[in-house]
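Participant: Provided below are the primary sequence and the corresponding predicted coordinates.
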Amino acid sequence: MLESLLVPTAIVALAEIGDKTQLLALILAARFRKPWPIIAGIVAATLANHAAAGAVGAWFGSFFSDAALHWILAASFTATALWTLVPDKMDDDENPARRFGPFLTTLIAFFLAEIGDKTQVATVMLAAQYPHLIMVIVGTTLGMLIANVPVVLAGNFAADKLPLTLIRRLAAAAFFVLAIVAVYTAMKASGWVG
């Protein structure tokens with residue numbers, strides 16, 4: 001059960017490094033200068049988005065064997081590793097309006113930014129893989145917080161000082177390692193290795 005919490009936490013924290021939601025967190029922190037409502041908005045948006053993604057993943061997982069799920073997970077990790085190497089840019093239409101205040105602006109902006117994002121895709125795959133859906137959702141939410149809360153708290157200072165290219169490459173390497181482990185597990189589940 002602990003694995004259903006810790007693995008999603010680590011995977012999403014890695015996937016979030018250099019992601020557009022980190023840029024969004026930085027923009028919101030610089031604009032509103034109220035970290036706690038922004039953090040609360042991140043929590044609410046992530047729980048809602050990842051609960052929906054987790055439900056889809058749990059449903060999806062009921063149609064595949066363990067071996068097939070491991071192969072899908074390996075492909076997902078490989079795709080996430082490649083996706084992590086591509087820097088995200090914030091689109092102008094994703095720039096939230098000030099009139100809603102920090103909590104509601106963050107909730108709406110983060111929820112929308114996560115639709116189709118690599119962490120949402122990872123949540124679907126992790127929920128398909130692990131039997132404890134609530135733990136997966138809590139883990140993916142913790143991963144989002146691990147990656148985004150420091151950005152909110154540090155504001156512009158952190159964004160200017162972090163070597164995001166190096167961090168993004170290290171995160172991609174970690175996903176490639178996870179993909180290799182998933183391939184090995186899939187091969188064992190398929191009976192190809194002992």
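Facilitator: Okay, I see it.

Participant: which ones are touching A189?
Facilitator: S65, D66, A67, H70 (C-beta atoms under 8 Å, 6 or more residues apart in numbering). Yep, even glycine has a C-beta here, placed from its N, CA and C like the rest.

Participant: quick one: low-confidence ranges for this structure?
Facilitator: Applying pLDDT under 70 to the chain flags residues 84, 87-99, 156-164, 167-168, 171.

Participant: middle-most residue in it, spatially?
Facilitator: T119 (2.9 Å; C-alpha atoms, centre = their mean).

Participant: doesn't D19 make contact with that residue?
Facilitator: Yes - using C-beta atoms under 8 Å, T119 is in contact with D19, at 7.2 Å.

Participant: In terms of secondary structure, what does the helix or strand where V152 lies contact?
Facilitator: Counting by DSSP states H and E, the element that carries V152 is helix 133-154. Packed against helix 133-154 by the contact rule (3 or more C-beta pairs under 8 Å, 6 or more residues apart in numbering; DSSP states H and E) you find helix 2-16, helix 20-32, helix 35-61, helix 118-129, helix 156-161.

Participant: now the third one, how far from the chain's geometric center?
Facilitator: The one in question is helix 35-61. Distance of helix 35-61 from its chain centroid, counting by C-alpha atoms, centre = their mean, to the nearest Å, is 10 Å.

Participant: Only the buried residues of the helix or strand just after it, if you could.
Facilitator: Downstream of helix 35-61, the first helix or strand assigned by DSSP H and E is helix 66-84. Buried residues in helix 66-84, counted by 16 or more other C-beta atoms under 10 Å: 67, 69-74, 76-81, 83-84.

Participant: With respect to L5, which of the residues you listed is nearest?
Facilitator: L73 (16.8 Å; C-beta to C-beta).

Participant: Spit out the contact partners of that closest one.
Facilitator: By C-beta under 8 Å, 6+ apart, the contact list for L73 reads M125, A128, Q129, A182, A186.

Participant: A55 too?
Facilitator: Counting by C-beta under 8 Å, 6+ apart, A55 touches A127, L133.

Participant: Return the distance of it relative to F110.
Facilitator: 19 Å (C-beta to C-beta, to the nearest Å).
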